[in-house]
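J.: Okay, predicted coordinates and the sequence, questions at the end:
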Amino acid sequence: MALLGLYNYFVFAVLLMIGLYCVLARTNIVKSLIGLSIFQSAVFLLYISMDKVDGGTAPIIQEGVENQVFANPLPQVLILTAIVVGISTTALALAVAVRIKEAYGTIEEDKIQEMDREP
Amino acid sequence: MDILLDIASTVLLVTGGFFVFVGGFGVMRMPELYTRMHAASLTDTGGAALILVGLMLQGGFTLVPLKLAAIFLFLFLTSPTASYALANAALLSGVKPPCRNETGKTFPGEPPVADGPKQSKSSAEKRTANKTVAGKAARKPAGKATRKPAKKAARKPARKKS
Amino acid sequence: MMTIVFSLFLLTMLVIVAVAILRTDNLFTAVMLSGIFSLIMAANFFVLDAADVALTEAVIGAGISTVLFLGALALTAEHDHSPPVGSWVPLVTSSALGGVIIFATLQAPRLGDPNAIVHKHVAPWYLENTPLLIDVPNVVTAVLASFRGYDTLGEVFVVFTACIGVMSLLGRVRPRGELIEEGEFDKRTDNLRHHLIPRVVGKMLVPFIVLFGLYVQFHGDFGPGGGFQAGALVAAGIILYSLVEGGARGRELVPEWFSGMLVALGAFTYAAVGVACMVMGGRFLDYSVLSHDPVHGQHLGILLIEAGVGMTVAGVMITIFHAFSRRGIR
C-alpha cells in the first residue's frame, strides 16, 4: 500500500526512461525533440507531485476562511516559468531543425553524418 | 428541493458518462473513419452537454453555473465545426466513405460484409483514427481533442449488400 | 478515494500515450499524441492542486506547442525513417537510469505527506507573509512576481532570447521562389478561406479568446492566471485568425513590427520597473517604494511586471509562428 503513495514517482521514472530512449534510439531530429519534451514534462510531474498536501487546496487565500490547508506554492512557481522556457527552447531547436533540412536535405542524423564525412 | 436537485444531477451525470463511454467504445469498434467520427461526436455534444448541465444543477445561484453555461456554449459551437473540418480534410485527402456500387472491394484484412460488424482493427489503424488535430477552427484556450484523417493512401472500402 | 483512482488512471494514461509516441513512425501522429499528452498532464496537475500550472500547461503544451511542431513538420519530413535500433546501448542506458531513479524514490515521502521536508522551510513563510506584505489572494502570483521576481526577470529574458534566435535563424527574408498570388485557390494555399464553416466560426471566436486572455491577465491576482498564460492565450487567438484567413491577412491584423515591438517592450517594462524602484530609493525590484503605502506599491509593481510578461510572451509566440509560416511560402 505504501507503493501506491509513490506511484507518481514511478511514473516519473518511466516517462524519463521513455523520453531518454526516444532521444537516444531515434535518428530523426524532430522525433528526438518530441522525446525531449516528454522528458521535460516528466520533470514537471516530479516537482508538482512534491507539492501536494493531504486535504489541501490550491494556494489561493480566500476571505474569511480560517486555518485553510494549502498546497505548497513554491514548486508551482518554479514549474510555471519552466514550462514557458521549455516551449521557447523547443521552438529554437525546431528552427535549427528547419535550417538543417534546408542545408542537408534530410533530418536523419545518420545521413547527415555521412554527408559530413564525405570530402 | 435539494434532494430533487441531487437526484436530477446524478441522473444527468450518469447518462452523460454513459454517452461518453458509448462514444469511446464506438470509436474503437467502428470500421472506418466517417463512422468513427460519427461515434466520437457523440462524446463531444451529448456527453459534454449532459455532464455540464448536471454540474450546473449542483452550483446553485452563484457565478459558477454561468461559467459552465459559457463553456457549454463554446463547446457546442466548436466541436461540430471541428467534425466538419475533419470530414472535409478527409474528403480532400481522398478518404472516401463506403459506397454501395463499387465492385467487390473490402478493407484489407476484413472478412466479407456478410458477417456483420467488423473485427477489431489493427493497432496502427486504431492509432491513426485517434489522432487529434490542432483545431484550426476548434482552437480553444484549454485545448481540445478532435480527430484527424488518416494520412494513408486513398482507400476504397465497399459494402456489399448480402 | 475516488481522487486516488482518478489520478492513478490519469498517470497510467500518460505512460500509455508516451509509449505510443515512441512507437509510431508517422511524425504527424507523434505530434498529435504529444498534444494529448500535454492535456492529460494538465488534468494531472489539476488533480495535484496546482491550478496555475495546469492552466499554463494546457494553454502552452496543448495549444502553442502543437502549432509550432506542425509548422516545423510542414517544412521538414513527415515520416521517421530511423533504422531499427542496432545496439543495446540506448535500452540499457534508459533502463539503468530508470532503475536508479526508482530505487532512489523508494525513500521519498509518500504523496501528500504534510510532514515532508519540502513543506518545512520557506513555503510556510510565504503562506503566512503574503497576506501581510503583499495582500494578494493568489500566493503563486505573489511569489512569482514579488518574492521571486528576479527569477521571473531571467525567464522573461530567456523567452526574449529564444525569439531573437528564431528570428535570426528563420529570419524575415523571404526564401527564393515564387509567391502564391492572393486569391488563387491552390491546394497548397495557407488559409482556410475557401471553407466557409471553419472560417465563420473561427473569426467569431477570436475576440472571445482575446477577451479571455485579457481576463486571465488581470485576474491573475485573485485566481489562477497571470502574465504567462495570458500572453499565450492572446497569441493563440491571433494564430487562429492567421490560420483561418491566411498568413498575409494575419500579418495585416497584427503587423510584424508590432509583435516585435511587443517583445522588446515587455522585457523593457520589467527591467524599467526594477530600475524605477532603485531610483525611488529602494533596491532593484523592491516594489514597496513605488507608492505611498508598501502594500499598494506591491500591487502596482505586480500589475506592471505581469503586463510586461504578458506582452513579451504574446509577442514571442506570434513572432515565432509567423517565422515558421513564412518560411514555407514557395
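T.: Okay, I see it.
J.: where does chain B have low pLDDT?
T.: In the predicted model of chain B, residues B:99-162 satisfy pLDDT under 70.
J.: Which parts of it are helices?
T.: Under the criterion DSSP state H, chain B contains helices at B:2-29, B:33-42, B:48-59, B:64-93, B:123-129.
J.: so A:D110 touches C:G86, yeah?
T.: No. Using CB atoms under 8 Å, A:D110 makes no contact with C:G86, being 10.1 Å away. From N, CA and C alone the C-beta is placed, and that goes for glycine too.
J.: more neighbours, the two?
T.: A:D110 (13 against 8; other CB atoms under 10 Å in any protein chain shown).
J.: Identify the residue nearest the more buried one in space, chain neighbours excluded?
T.: Take A:D110 and drop its neighbours on the chain: the residue closest to it by CB to CB, 6 or more residues apart in numbering or on different chains is A:T27, 5.1 Å away.
J.: Now render the helices of chain B as TSV, adding distance to chain A.
T.: Formatted as TSV, the helices of chain B follow (distance: least, CB to the nearest CB, whole Å):
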stretch	distance to chain A
helix B:2-29	22
helix B:33-42	24
helix B:48-59	17
helix B:64-93	15
helix B:123-129	15
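J.: where's the helix ranked longest in chain A relative to the chain centroid, distance-wise?
T.: Identified as the longest helix of chain A according to DSSP H is helix A:73-104. From the chain centre to the centre of helix A:73-104 is a distance of 10 Å (CA atoms, centre = their mean, to the nearest Å).
J.: So is it next to chain B?
T.: No. Contact of helix A:73-104 with chain B (CB under 8 Å from any CB of the partner chain) is absent, the minimum separation being 13.6 Å.
J.: same question for that helix, mean pLDDT?
T.: For helix A:73-104, mean pLDDT rounds to 91.
J.: Please identify the buried residues of that helix?
T.: Buried residues in helix A:73-104, counted by 16 or more other CB atoms under 10 Å in any protein chain shown: A:73-98, A:100-101.
J.: Which SSE is immediately downstream of it?
T.: helix A:109-117 (DSSP states H and E).
J.: picking that back up, of all the helices of chain B, which one is nearest C:G171?
T.: helix B:64-93 (30.6 Å; CB to CB).
J.: ok, and the closest non-adjacent residue to the closest residue to chain A within the stretch 101-250 of chain C?
T.: Among all residues of the stretch 101-250 of chain C, C:R110 sits closest to chain A, at 3.0 Å; criterion: CB to the nearest CB. Spatially, and ignoring its direct neighbours in sequence, C:R110 is nearest to A:G5 (3.0 Å; CB to CB, 6+ apart).
J.: my read: that neighbour touches C:L111, true?
T.: Yes. Taking contacts as CB under 8 Å, A:G5 lies within contact range of C:L111: 4.8 Å.
J.: Those two: which is more packed in?
T.: Counted by other CB under 10 Å, A:G5 and C:L111 do not tie: C:L111 has more neighbours, with 20 against 15.
J.: Could I get the contacting residues of the more buried one?
T.: A:5-8, A:49, A:52 (CB atoms under 8 Å, 6 or more residues apart in numbering or on different chains).
J.: Which ones among those residues lie within helices?
T.: Filtering the contacts of C:L111 for helices - DSSP H - leaves A:5, A:7-8, A:49.
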